[in-house]
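Novice: Show me how the following folds:
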Amino acid sequence: MQVIEMKGVKKDYPLGKTTVHALRNIDFSVKEGDFLSVVGASGSGKTTLLNIIGCIDQATAGSVKIKGQETAGMTDKELTELRLYKIGFIFQTFNLVPVLNVLENVEFPLLLMKKYTKAQTREKAEKLIEAVGIKKFIKHRPSELSGGQRQRVAIARSLVTNPEIVLADEPTANLDSETGNTILELMKELNKTKKTTFVFSTHDPEVLQYANNIVKIKDGVIIN
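Specialist: Numbering: from 1, shown residues only. All right, here's what the predicted structure looks like:
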């Protein structure tokens with residue numbers, strides 16, 4: 001089953017009197033349970049591609065389907081629910097809530113879902129915080145953490161809802177190689193046991209060794 005389908009997708013950004021063609025006629029699909037890496041240089045269109053898959057941004061033209069649903073006609077509420085219940089995000093910029101501590105940041109998506117008790121929410125969050133190796137920082141706020149520690153919080157938060165699809169923009173960029181490998185092993189385990197579909201961007205050769213499939217993008221065009 002294809003969980004992600006993109007056909008003829010274009011994304012243009014106006015920049016003064018010119019137009020930046022970030023994506024050009026992208027045809028791209030991902031099967032359920034894949035562990036796929038999107039590879040390309042900075043500015044190649046990797047982040048734009050992930051943002052459109054994750055319904056954070058809208059395509060200028062073309063079709064984008066997630067789990068068979070065409071996203072173009074969805075209401076804001078439907079898009080919000082799709083992101084909350086189906087998709088996990090790991091952003092390069094972390095996007096943590098500065099006034100919340102580590103535990104509260106990881107719990108936050110579960111609270112929005114309103115389907116777990118307080119005890120269940122706490123248990124799920126604490127389990128992932130331990131899995132990514134930041135248990136001793138559980139009461140710290142993001143400003144009290146290093147970039148690598150914040151990245152691990154962001155990873156725990158993205159996985160805590162057991163999403164069907166995880167989109168990760170350079171997930172190991174702020175991590176040392178040992179921690180990065182630990183995170184990738186955790187992702188691979190979820191991929192294997194829960195059939196979670198992972199799509200992550202990278203230009204780190206170490207990360208590519210974990211991928212089942214690799215897609216190359218250059219100047220907004222998929223080239224393989």
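Novice: what about the nearest residue to Glu144 once chain neighbours are set aside, distance to Ile183?
Specialist: Once flanking residues are discounted, Glu144 sits nearest to Phe137: 7.7 Å by C-beta to C-beta, 6 or more residues apart in numbering. Using the backbone N, CA and C atoms, a C-beta is placed for each residue, glycine as well. Plainly put, Phe137 is 16 Å away from Ile183 if you go by C-beta to C-beta, to the nearest Å.
Novice: cool, Lys86 as well?
Specialist: Counting by C-beta to C-beta, the gap from Lys86 to Ile183 is 21 Å.
Novice: again with Lys11
Specialist: Relative to Ile183, and taking C-beta to C-beta, Lys11 is found at 29 Å.
Novice: same question, Lys67
Specialist: Per C-beta to C-beta, Lys67 is found 25 Å from Ile183.
Novice: okay, the two: which has more neighbours?
Specialist: Higher neighbour count among Lys67 and Ile183: Ile183, with 24 against 16, using other C-beta atoms under 10 Å.
Novice: Not counting stretch 104-117 itself, show me its contacts.
Specialist: With C-beta atoms under 8 Å, 6 or more residues apart in numbering as the test, stretch 104-117 has contacts from 84-85, 96-97, 100, 120-122, 124-125, 128-129, 142, 153, 156-157, 160-161.
Novice: Go ahead and flag the most central residue of this protein.
Specialist: Central residue of the chain (C-alpha atoms, centre = their mean): Leu167, 2.3 Å from the mean position.
Novice: mind listing what Lys218 touches?
Specialist: 40-41, 44.
Novice: Let's see that with 10 Å instead.
Specialist: Neighbouring residues of Lys218 by C-beta atoms under 10 Å, 6 or more residues apart in numbering: 39-41, 43-45, 224.
Novice: got it, and Cys55?
Specialist: Neighbours of Cys55 in contact, by C-beta under 10 Å, 6+ apart: 64, 66, 71, 74, 78-80, 82-83, 86-87.
Novice: Quickly find the element holding it.
Specialist: Counting by DSSP states H and E, no helix or strand carries Cys55.
Novice: tell me the SS of Val30?
Specialist: strand (DSSP: H, G, I helix; E, B strand; the rest coil).
Novice: Just confirm Glu178 is within a strand.
Specialist: No. Assignment of Glu178 by three-state DSSP gives helix, placing it outside any strand.
Novice: and it, how far is that from Leu128?
Specialist: Distance of Glu178 to Leu128, computed by C-beta to C-beta: 19 Å.
Novice: State the next helix or strand along the chain beyond the worst-scoring helix or strand of the chain on mean pLDDT.
Specialist: Ranked by mean pLDDT, DSSP states H and E, the weakest helix or strand in the chain is helix 205-208, scoring a mean of 84. Using DSSP H and E, the helix or strand that directly follows helix 205-208 along the chain is strand 213-218.
Novice: Can you name the next helix or strand after that next one?
Specialist: Criterion used, DSSP H and E; the element after strand 213-218 is strand 221-222.
Novice: So in that sheet, which strands flank that next one, and in what orientation?
Specialist: Neighbouring strands of strand 221-222 in its sheet, by DSSP bridges, are strand 213-218 (antiparallel).
Novice: Just the CA trace of the strand it pairs with, in CSV.
Specialist: Extracted in CSV, the C-alpha atoms of strand 213-218 (Å, rounded to 0.1, in the frame of the first residue of the first chain):
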residue,chain,number,x,y,z
ASN,A,213,15.5,3.1,-0.2
ILE,A,214,17.2,6.3,-1.3
VAL,A,215,15.7,9.1,-3.4
LYS,A,216,18.0,11.8,-4.8
ILE,A,217,16.8,15.3,-5.3
LYS,A,218,18.6,18.2,-7.1
